[in-house]
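>>> any chance you could fold what I've pasted below:
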Amino acid sequence: MATPLSSLLLSAVVVCALADAVLGLKGAGLVGAPFLLLYMAREWTLLMRAARILIGLCAVLAVLTVVRPDGLPVLMKAASRMIYFPAFVAVLGLLRAAASRSETTAAAGRYLVTQPPSRRYLAMTLGGHFFGILFNIGGLALLIDMIKKANTLETAGGQLWVQELRERRMVVAVMRGFSCIALWSPLGVALNLLLASMPGLTWSEVAPYGVALTICFMTLGWIFDRLESPPSRSNAARPTEPRGALAVLRVIGHVVALSMLGLLAETFVDLPFQALLLVLVPIYAFGWAILIEVFERRPKPVQAAASVLHERGVARFGSYANEIAVFSTSGFLGVVLVALSPRDAIQAWITASALPPGVVAVGLALTVFCFGFLSINPIITASILAGTFATIDVPGLSKVDVVIALAGGWTCVIAVGPAMSSLVMISGQLGRPSSQVGLGWNSRFSFSAFALLLVGLYFIRL
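Here you go, the predicted model:
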């Protein structure tokens with residue numbers, strides 16, 4: 001299978017990102033940036049209007065930056081950040097390619113969807129969470145498609161209201177599980193962006209608090225499900241999935257294994273966590289693909305695994321254009337806008353105002369949440385705020401506080417913000433307005449979770 005030009009361009013970006021992050025070669029970001037720009041030019045017709053606006057804004061800011069005395073160092077740092085996230089998206093594509101070859105993934109999805117009512121919400125929440133970690137937004141699409149196929153009028157006993165209730169329960173469960181990825185997952189773009197914007201902060205410092213908050217949010221979602229959904233009286237027969245529970249455990253095992261590998265590597269290798277992921281993820285994906293081919297007794301398993309990663313991964317790099325445009329421009333803006341901002345004036349204002357650290361943390365979460373409702377992606381807001389507060393000292397406010405505040409606001413707005421990409425995609429699959437799926441189905445939970453988050457941020461210092 002021939003490799004498309006877009007795939008070759010993005011592969012060159014990955015190589016430059018590895019040279020920059022792993023080998024520490026200065027200037028690798030500036031070398032990789034033209035390949036990235038050519039990639040986006042090649043896929044320009046696929047880009048959404050918002051992505052094109054962000055690219056134009058980056059071009060204007062690059063011109064303003066280059067005329068500054070410190071323009072070159074700032075642009076080098078911005079280019080480094082700009083090529084990292086496309087490279088990260090690309091290597092995650094290899095992981096998705098390996099997972100798509102495994103029957104375990106499909107079996108796990110079918111098992112989750114066919115759970116009885118008493119276990120369905122929790123099953124779908126965990127499904128949305130772990131499928132989202134492995135497949136990103138593709139995991140949502142897979143589960144929503146399975147929900148539509150399994151939730152028929154026949155399985156609902158011919159009662160339309162039962163069918164609609166089941167759809168709402170399963171969809172909001174998947175959305176809530178997916179939204180929590182931002183709080184802790186090392187394979188999520190959200191936390192990686194925040195850590196990259198806060199030099200000196202490691203994943204192992206943030207993860208315990210993020211996992212605890214994830215458990216709290218999931219528990220709150222389960223409570224809301226119990227209160228909002230009447231007990232099921234349906235006795236309709238459900239299809240069974242042999243070895244489905246084992247398949248789910250395997251999916252979770254892959255996430256845990258990758259996280260633990262990252263933690264061990266971060267402990268023993270003197271490299272930033274983000275750099276380690278660029279190495280670990282493709283190695284793990286290739287190893288996983290080889291094992292699948294070995295278990296299926298395919299001849300030449302190494303060659304077959306490489307073919308799978310090429311055909312289902314590298315060859316499809318062009319389809320990531322919108323993700324890459326948003327992530328790369330957000331990384332660029334997070335560096336350049338911080339450099340252009342009057343940091344001394346901001347520091348002086350914060351010092352003079354003597355705001356309690358809890359108030360500042362609450363303000364960070366509120367900013368991300370409110371701008372999300374104004375159709376500004378949290379990745380942009382959080383990137384700028386994280387970069388700004390990495391250089392500003394707020395007595396009593398740690399870097400962990402800042403990251404948890406930004407990630408918490410991000411998590412709470414994903415399922416209700418009208419322009420959030422995951423919500424728009426789900427609404428399109430269901431054929432329902434995004435206002436109904438977001439605010440209609442999920443607003444009470446999201447606003448309650450956000451209110452509790454703000455209370456915790458105000459009173460608790462990490």
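
>>> secondary structure element holding Leu57?
helix 49-66 (DSSP states H and E).

>>> any buried residues in the helix or strand following that helix, and which?
Under the assignment DSSP H and E, the closest C-terminal helix or strand after helix 49-66 is helix 71-101. Burial within helix 71-101, assessed by neighbour count using 16 or more other CB atoms under 10 Å, is assigned to 71, 74-101. No exception for glycine: its C-beta is placed from N, CA and C like everyone else's.

>>> before we move on, what about stretch 404-423?
Using 16+ other CB under 10 Å as the test for burial, stretch 404-423 gives 404-418, 420-423.

>>> and the contacts of the helix or strand where Ser422 lies?
Mapping Ser422 onto the secondary structure by DSSP H and E places it in helix 421-430. Helix 421-430 is contacted from outside by 137, 140-141, 144-145, 148, 167, 171, 174-175, 178-179, 322, 377, 414-417, 433-434, 436-438, using CB atoms under 8 Å, 6 or more residues apart in numbering.

>>> just the buried ones from those, in ChimeraX syntax?
Only the buried entries of those go into this ChimeraX selection, using 16+ other CB under 10 Å:
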select :140,141,144,148,167,171,174,175,178,179,322,377,414,415,416,417,434,437,438
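
>>> so how far is the helix holding Ser422 from its chain's centroid?
Its chain's C-alpha centre lies 16 Å from the corresponding centre of helix 421-430 when counted by CA atoms, centre = their mean, to the nearest Å.

>>> again, but for stretch 324-339
Here the centre of mass of C-alpha atoms in stretch 324-339, compared against the chain's by CA atoms, centre = their mean, lies 16 Å away.

>>> go on, stretch 86-105?
If you compare the mean C-alpha spot of stretch 86-105 with that of the full chain, they lie 14 Å apart, counting by CA atoms, centre = their mean.

>>> can you give me the strands for the protein?
For the chain, no strands are identified by DSSP state E.

>>> shaky segments in it?
Where the chain drops to pLDDT under 70, the residues are 1-2, 155, 230-240.

>>> looking at the buried residues of stretch 404-423, which are in helices?
404-414, 421-423 (DSSP state H).

>>> make JSON lines out of the residues you listed and add distance to Ser204.
Converted to JSON lines, those look like this (distance: CB to CB, whole Å):
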{"residue": "Ile404", "distance to Ser204": "14"}
{"residue": "Ala405", "distance to Ser204": "19"}
{"residue": "Leu406", "distance to Ser204": "18"}
{"residue": "Ala407", "distance to Ser204": "15"}
{"residue": "Gly408", "distance to Ser204": "19"}
{"residue": "Gly409", "distance to Ser204": "23"}
{"residue": "Trp410", "distance to Ser204": "20"}
{"residue": "Thr411", "distance to Ser204": "20"}
{"residue": "Cys412", "distance to Ser204": "24"}
{"residue": "Val413", "distance to Ser204": "26"}
{"residue": "Ile414", "distance to Ser204": "25"}
{"residue": "Ser421", "distance to Ser204": "29"}
{"residue": "Ser422", "distance to Ser204": "27"}
{"residue": "Leu423", "distance to Ser204": "31"}
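
>>> does Trp441 touch Arg168 like I think?
Yes - under the criterion of CB atoms under 8 Å, Trp441 is in contact with Arg168, at a separation of 5.5 Å.
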